[in-house]
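Q: Based on what follows, work out the 3D shape:
(one chain, ligands or ions: 2)
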Amino acid sequence: NAYSTAAYRLYDEKADFDKKAQGIAVGLTVGSWTELPEAAKQQMQRHLGQVVNVDVHEPVNGAPGERYADITVAYPDVNFSRDLPALLVTTFGKLSMDGRIKLIDLQPSSDFLGAFPGPKFGIKGVRDLLGVYDRPLVMSIFKSVIGHELQGLREQFLQQALGGVDLIKDDEILFENPLTPLEQRVKVCMDAAREAEQTTGQKLIYFTNLTGSTFKLKENAKRAIDAGANGLLFNVIAYGFDALAELAADPGINVPIAAHPAMAGALYPSQHYGIAAPLLLGKLIRIAGADLSLFPSPYGSVVMPKEENLGVMEALLTDALPQKPVFPVPSAGIHPGLVPLIMSDFGPEVVVNAGGGVHGHPGGAAAGGRAFRQAVDAVRHGKTLESYSENHPELRIAIERWGVRTS
Ligand SMILES: CCCC(=O)/C(O)=C/OP(=O)(O)O
Ligand SMILES: [Mg+2]
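A: Ligands and ions are numbered 1, 2, ... in the order given. As a prediction, the model looks like this:
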């Protein structure tokens, strides 16, 4: 019988953690065990959860700090269907509401993982679409995207594209609206991408925000693609991992998907509750099938601790999962002066992503994009931003505006 395991961290001042663990293993599977008649036990054995490990941490000599236990429980795959809602509810449904407990990791069985094709493109596939292999990718974000007429949006797109970015994404708050409806927005932006390519010589992917009611997502995705969309942005936490998995598995949706973490802050930050970021924004996103995963960087405006950032990156890149590796996109408050830090922390398989850091450049969005590309080139050539900026004015102006951060 195949098993999928869940790792939890439970906080309690006096609980018997072995008993708690056994209670979880039985309670989230067969319900009760010791009082069952032997015949029933024979039949139910294959459905019984198993405690794999209980590692108790007592505060030392009464020092401040909390008493907790790391508990791993194995759940028989026979108890649930091959979909992410089933795995999540089985391992952390009612339990998520039962005191101070955080879901740290899930290790689905290979049988369960085999049900998920994962990202259609992944890092290599996205690079193949762009023909860019030797550096991090640069993505810009529309800023002030609400309330704009199509032509205004087209101009904002063009200026971003002229700056030499590889990817442009809608802001996650852009939903269907009368000013820039999906198909028209896609058409004008892809037209602007072709116009910019005449100047930059670069291919470009536009991640338009896929929205609408859940049961219309596939139809809307195909409408966008028929209109020329070559990428989709998706608010996975609001819609759910299963919606992402369905989109990624649909052969008719043959463009990369960028998963946005909007609302993830309701789940990952607490020490005592929720779902750990490496699982929420790393492993689950990859299994479900996004090609890029956005998450708050350790040094921007909306911050997630570096340890969690690196955990997300590890989950997105590790060979331990059968699904293709996914681009990490540390985001929020990113400016060119952070590029050395990003490349040092994340390596070359990363997307440098910015909205304000592009549009806020004193020279405008095109200059902002150029400043980011120059910052990436500086690092690639082993130069400091300061020295490289001596003959790269857009970068010089950017570091005068935002500075350079080295740690
Ligand atoms: C973590 C998501 C980042 C995001 O959606 C966004 O719009 C960032 O904008 P800037 O902080 O770069 O202006
Ligand atoms: Mg945004």
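
Q: Low-confidence stretches in this structure?
A: The chain contains residues with pLDDT under 70 at 62-64.

Q: Helix, strand, or coil at the most centrally placed residue in it?
A: Relative to the mean C-alpha position of the chain, the nearest C-alpha, by CA atoms, centre = their mean, is the one of residue 293, at 2.8 Å. Reducing the assignment to helix, strand or coil with DSSP: H, G, I helix; E, B strand; the rest coil, the entry for residue 293 is strand.

Q: Neighbours of the nearest residue to it once chain neighbours are set aside, how many?
A: When the adjacent residues along the chain are set aside, residue 293 lies closest to residue 285, with 4.4 Å between them (CB to CB, 6 or more residues apart in numbering). (Glycine included, C-beta is placed from N, CA and C.) Residues lying near residue 285 (other CB atoms under 10 Å) number 32.

Q: Could you list which residues are in contact with residue 285?
A: Contact analysis of residue 285 by CB atoms under 8 Å, 6 or more residues apart in numbering lists 236, 241, 244, 259, 293, 316, 326.

Q: ok so, going back, test my guess that the residue nearest to the centre of the chain contacts residue 325.
A: No. Under the criterion of CB atoms under 8 Å, residue 293 lies out of contact with residue 325, with a separation of 10.6 Å.

Q: and for these two, which residues touch both?
A: Counting by CB under 8 Å, 6+ apart, the residues touching both residue 293 and residue 325 are 286, 316.

Q: The helix or strand hosting residue 352 near ligand 1 at all?
A: Element membership of residue 352, judged by DSSP states H and E, is strand 351-354. Yes. In this structure, strand 351-354 sits against ligand 1 according to CB under 6 Å from any ligand atom; the contacting residues are residue 354.

Q: Can you name the secondary structure element that comes next after the one helix or strand residue 91 maps to?
A: Using DSSP H and E, residue 91 sits within helix 84-92. If you walk from helix 84-92 toward the C-terminus, the next helix or strand you reach (DSSP H and E) is strand 101-107.

Q: Name the strands paired with that following strand and say parallel or antiparallel.
A: With DSSP bridges as the criterion, the sheet partners recorded for strand 101-107 are strand 3-11 (antiparallel), strand 274-275 (parallel).

Q: Roughly how far does residue 352 sit from residue 318?
A: Look at residue 352 and residue 318: by CB to CB, to the nearest Å, they are 22 Å apart.

Q: Check the gap between the residue nearest to the centre of the chain and residue 67 for me.
A: Counting by CB to CB, the gap from residue 293 to residue 67 is 34 Å.

Q: With residue 231 instead?
A: The gap separating residue 231 from residue 67 is 47 Å, by CB to CB.

Q: When those two are compared, which one has more neighbours?
A: Neighbours per residue, other CB under 10 Å: of residue 231 and residue 67, the larger number sits with residue 231, 26 against 15.

Q: at contact distance from ligand 2, anything in stretch 126-140?
A: No. Remark: stretch 126-140 sits outside contact range of ligand 2, by CB under 5 Å from the ion, the gap being at least 11.3 Å.

Q: Name the residues that touch that stretch?
A: Applying CB under 8 Å, 6+ apart, the external contacts of stretch 126-140 come out as 121, 160, 163-169, 202-205, 230, 256, 291-292, 327, 329, 342-343, 346, 348-355, 358-359, 365, 368-369, 372-373, 376-377, 380.

Q: can you check stretch 6-18 too?
A: With CB under 8 Å, 6+ apart as the criterion, stretch 6-18 contacts 20, 24, 51, 54, 56, 66-73, 75, 91-92, 95, 99-107, 272.

Q: Using PyMOL, make a named selection holding only the buried ones among the residues you listed.
A: Applying 16 or more other CB atoms under 10 Å to these, the buried members can be selected in PyMOL as follows:
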select buried, resi 20+24+51+54+68+69+71+72+73+75+91+92+95+101+102+103+104+105+106+107
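
Q: by contact count, what packs against the strand holding residue 352?
A: Contacts defined by 3 or more CB pairs under 8 Å, 6 or more residues apart in numbering; DSSP states H and E place strand 351-354 against strand 137-141, strand 167-169, strand 327-331, helix 365-380.

Q: Including distance to residue 396 and mean neighbour count, could those go into JSON lines?
A: Written out in JSON lines, the entries for those read as follows (distance: least, CB to CB, whole Å; neighbours: other CB atoms under 10 Å):
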{"stretch": "strand 137-141", "distance to residue 396": "18", "mean neighbour count": "26"}
{"stretch": "strand 167-169", "distance to residue 396": "24", "mean neighbour count": "27"}
{"stretch": "strand 327-331", "distance to residue 396": "24", "mean neighbour count": "28"}
{"stretch": "helix 365-380", "distance to residue 396": "9", "mean neighbour count": "24"}
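
Q: count of residues packed around the closest residue to residue 66 other than its chain neighbours?
A: Spatially, and ignoring its direct neighbours in sequence, residue 66 is nearest to residue 11 (5.3 Å; CB to CB, 6+ apart). Number of residues near residue 11 (other CB under 10 Å) recorded here: 17.

Q: So which bits of stretch 152-166 are buried?
A: Residues of stretch 152-166 classed as buried by neighbour count (16+ other CB under 10 Å): 153-154, 156-166.

Q: with these in mind, which one is nearest to residue 28?
A: For residue 28, the closest of the buried residues of stretch 152-166 turns out to be residue 166, at 44.3 Å, with distances computed as CB to CB.

Q: can you give me phi and psi for the closest one?
A: For residue 166, the backbone dihedrals are phi -90, psi -30 (criterion: degrees, to the nearest 10).
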